[in-house]
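Enquirer: Predicted structure and sequence below. I'll ask about it afterward.
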Amino acid sequence: MAAIGMILAVLLFLLGLAGTALPILPGAPLVWLGMLVYGLFTGFAKLTAGFYVWQAVAVALTLVIDYAATAYGARRYGGSSAAIYGSLAGLVIGPLILGPIGFVIGPFAGALMGELATGKRLQGAFRAAFGTLVGMIGGTLLKVAVELVMIVWFFVVVLSA
C-alpha cells in the first residue's frame, strides 16, 4: 500500500509543480494533498500532525507570495492597484482567449489596460505592466522554491530510518 501511496503522492507533486506555472491547477495545495494521500495509504506512520501543519503554513506562504510579488512588481515599476487587478483578470481571461501563451500575455495586457483605464499615459502604463509581469514571474519562481522545499522535506521524513 505504501508504494501506491508514494506513486500517487509523486503524481500529485508533479501536478502541483505544473500548477504553479499553470494557474488552472492549484500548485502548492496539490503538493500538500500528495502528502496527505501518502499518509492515508501508510496510516500516517512517519508523518505527524505537526508535519502537516507546517506544510500547510508553507502552502499559505505560497498564496501570500503570489499576491505580494505581483503587487511589489507593479508598485516598483510605478503601477497602481488597477495594474494588479488587471493582471489578475488577464491571468484568467488570457489563457481562455490565447491558449497557453495567454498565461504570459494575459496578465501583461490586463495590467496595461488597467493602468490605461486610470488615465495613465502609454509609457507609464507599459512600465507598470512590465513590472507586474516581472513580479508575477519572480513570485512563481519563489513559489516553486517553497514547493521544492516542501517535497524535499517530505522525502527526508519518509525516507529517514
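Expert: Yep, that arrived.

Enquirer: worst-scoring helix or strand of this structure, pLDDT-wise?
Expert: Ranked by mean pLDDT, DSSP states H and E, the helix or strand of the chain with the weakest confidence is helix 81-98, at a mean of 88.

Enquirer: Need the contact partners of whatever helix or strand comes next after it.
Expert: Beyond helix 81-98 on the C-terminal side, the first helix or strand identified by DSSP states H and E is helix 102-117. Helix 102-117 is contacted from outside by 21-23, 70, 74, 79-80, 82-98, 122, 124-126, 128-130, 132-133, 136, using Cβ atoms under 8 Å, 6 or more residues apart in numbering. C-beta: built from backbone N, CA, C; applies to glycine.

Enquirer: where's helix 102-117 relative to the chain centroid, distance-wise?
Expert: Offset of helix 102-117 from its chain centre (Cα atoms, centre = their mean, to the nearest Å): 18 Å.

Enquirer: secondary structure class for Phe13?
Expert: With DSSP: H, G, I helix; E, B strand; the rest coil as the basis, Phe13 sits in helix.

Enquirer: thinking again about what came up before, relative to helix 102-117, how tilted is the least confident helix or strand of the chain?
Expert: Counting by axes from the mean of the first three to the mean of the last three Cα atoms, to 10 degrees, helix 81-98 lies at 140 degrees to helix 102-117.
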